[in-house]
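Student: I would like the atomic coordinates for the input below:
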Amino acid sequence: MRAVVARAAGGPEVLEHIERPDPEPGPGELLVRVAAAGVNFIDTYRRAGVYPMDYPHVVGVEGSGTVEACGPQVHGFAVGDRVAWHQAPGSYAELAVVGADVAVHVPAGLDLRTAAALPLQGMTAHYLVASTFEVGLGHDVLLTAGAGGVGLLATQLAAARGGRVLTTVSTPEKAALSSAAGAAHTIDYAAMDDLTAELPAVVHELTDGAGVHVVYDGVGAATFDASLASLRPRGTLVLFGGASGQVPPFDLQRLNAGGSLYVTRPTLAHYTATRAELEWRAGEVLGAAADGDLEVRVGATYPLAEAAAAHTALEGRATTGKVLLLP
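Tutor: Model (predicted):
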């Protein structure tokens, strides 16, 4: 099979498209013919060495495809089933071994490319608005990177739950996409000279001086201070990513001074900790997409051999929606 390997820690240039032996499924595992692999920031963190990894390794954790073989002790899946997954290392490949414990069935009526765009970003958006801070009627919400993959999905989910969503964007095109997803207001932070001062000022103006109940921040270092200052007293900052870099340690007394604020750093693994929870989240997200209640934007697709270009575009904030690799 063909696969994309990170030969060492580094930039996109360390990715190589090479021949690898076909993998075989072990106990509790599925061998899947990959239809599409999701491109995510976690892939770039592992490629770059931000998250410790062994090198070389086949990149990618997310995708969709058709089961070609089942290993021993597999229950609930059969050859020919259409499946998607959010955590199967080695997904940038023509064939991937996927643990049956992390695979979910793709509902009828949902194509495999769309299904590949949802496990990580869709379930992340779901746990953010349904669990980490449960958005309800009357809540004011700020989402950074509103036109990104998680941003577009979380905007739709939060608005459907009765929240009023404000988003940050960097171009008129991204503002239009965010508005179409249900954002009540889009804020062009690219035009701001002092983001830390100007963004909170705009947010407070849009909320009659109160600030938002919750900020969902996937950008990280560049927006953290502004996000914290955009909260109302007893508000919650949910830091779920670091697209601009990781947030350095900070003085916890800032939470006191800001109004008894909350900060949390969640991860999807802790919100899909049981099979029942995984199936609930995946079922709601994939089901909503299949029914047409959740619009999924695939902003770009690349051949598997062009994984480096996909990483460059993602890290350069040149993408909207989901980026997919097509073996």
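Student: how does this structure divide into domains?
Tutor: 2-117+296-326, 121-268 (automatic domain parsing).
Student: quick one: the shortest one to chain centroid distance?
Tutor: Put simply, domain 2-117+296-326 sits 14 Å off its chain's centre (C-alpha atoms, centre = their mean, to the nearest Å).
Student: tell me where the stretch 1-150 of the chain has strands.
Tutor: Taking DSSP state E, counting those that start in this stretch as the criterion, the stretch 1-150 of the chain carries its strands at 2-6, 15-19, 29-39, 57-58, 63-70, 82-85, 95-99, 103-105, 140-143.
Student: may I see the buried residues of the first one?
Tutor: This means strand 2-6. Using 16 or more other C-beta atoms under 10 Å as the burial criterion, the residues of strand 2-6 that qualify are Ala3, Val4, Val5, Ala6. Placement of C-beta: from N, CA and C, glycine included.
Student: what about the residue lying closest to the third one once chain neighbours are set aside, how many neighbours?
Tutor: Just to be clear, that refers to Val5. Nearest non-adjacent residue to Val5, counting by C-beta to C-beta, 6 or more residues apart in numbering: Pro56, 4.6 Å away. Using other C-beta atoms under 10 Å, Pro56 has 14 other residues around it.
Student: show the pLDDT at Pro56.
Tutor: On the pLDDT scale, Pro56 is placed at 97.
Student: I figured it hits Ala8, correct?
Tutor: Yes - taking contacts as C-beta atoms under 8 Å, Pro56 lies within contact range of Ala8: 7.5 Å.
Student: and the strands of the stretch 1-150 of the chain, which is most packed in?
Tutor: strand 140-143 (a mean of 28; mean count of other C-beta atoms under 10 Å).
Student: so what sits opposite the nearest residue to Thr66 once chain neighbours are set aside in the bridge?
Tutor: Of all residues not flanking Thr66 in the chain, Arg33 sits nearest, at 5.1 Å (C-beta to C-beta, 6+ apart). Beta-bridge pairing of Arg33 under DSSP bridges involves Thr66, Leu95.
Student: ok, now Trp85?
Tutor: Residues in beta-bridge contact with Trp85 (DSSP bridges): Gly63, Ala103.
Student: check contacts around it.
Tutor: Neighbour list for Trp85: Val32, Val61, Glu62, Gly63, Ser64, Ser91, Val98, Gly99, Val102, Ala103, Val104, Pro119 [criterion: C-beta atoms under 8 Å, 6 or more residues apart in numbering].
Student: Gly258 too?
Tutor: Leu228, Ala229, Leu231, Pro233 are the contacts of Gly258 under C-beta under 8 Å, 6+ apart.
Student: quick revisit: want to try CSV for the buried residues of strand 2-6, with distance to Ala180 and pLDDT as columns?
Tutor: Putting these into CSV (distance: C-beta to C-beta, whole Å; pLDDT from 0 to 100) gives the following:
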residue, distance to Ala180, pLDDT
Ala3, 36, 98
Val4, 33, 98
Val5, 38, 98
Ala6, 35, 98
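Student: on that earlier part again, in JSON lines: the domains of the chain, plus distance to Ala288.
Tutor: Formatted as JSON lines, the domains of the chain follow (distance: least, C-beta to C-beta, whole Å):
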{"stretch": "domain 2-117+296-326", "distance to Ala288": "9"}
{"stretch": "domain 121-268", "distance to Ala288": "8"}
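Student: for those, which one sits closest to Gly283?
Tutor: Of all the domains of the chain, domain 2-117+296-326 sits nearest to Gly283, with 7.6 Å by C-beta to C-beta.
Student: grab the most central residue of the chain for me.
Tutor: For the chain, Gln121 is the residue whose C-alpha lies nearest the centre (C-alpha atoms, centre = their mean; 3.1 Å).
Student: and it, what does it touch?
Tutor: Gly38, Asn40, Gly149, Val150, Leu153, Lys322.
Student: next one, pLDDT for it please.
Tutor: For Gln121, the predicted pLDDT is 96.
Student: that one and Val5, how far apart?
Tutor: Taking C-beta to C-beta, to the nearest Å as the measure, Gln121 falls 24 Å from Val5.
Student: over to Thr312?
Tutor: From Thr312 to Val5 the distance is 17 Å (C-beta to C-beta).
Student: same thing with Thr155?
Tutor: 35 Å.
Student: what do you get for Leu195?
Tutor: On the measure of C-beta to C-beta, Leu195 and Val5 end up 37 Å apart.
Student: check Leu30 too.
Tutor: Taken as C-beta to C-beta, the span from Leu30 to Val5 is 22 Å.
Student: show residues contacting the helix or strand of the chain with the lowest mean pLDDT.
Tutor: Lowest mean confidence among the helices and strands of the chain (mean pLDDT, DSSP states H and E): helix 41-48, at a mean of 94. Where contact means C-beta under 8 Å, 6+ apart, the residues beyond helix 41-48 that reach it are 6, 9-12, 14-15, 50-51, 53, 57, 59-61, 92, 120, 241-243, 311, 314-315.
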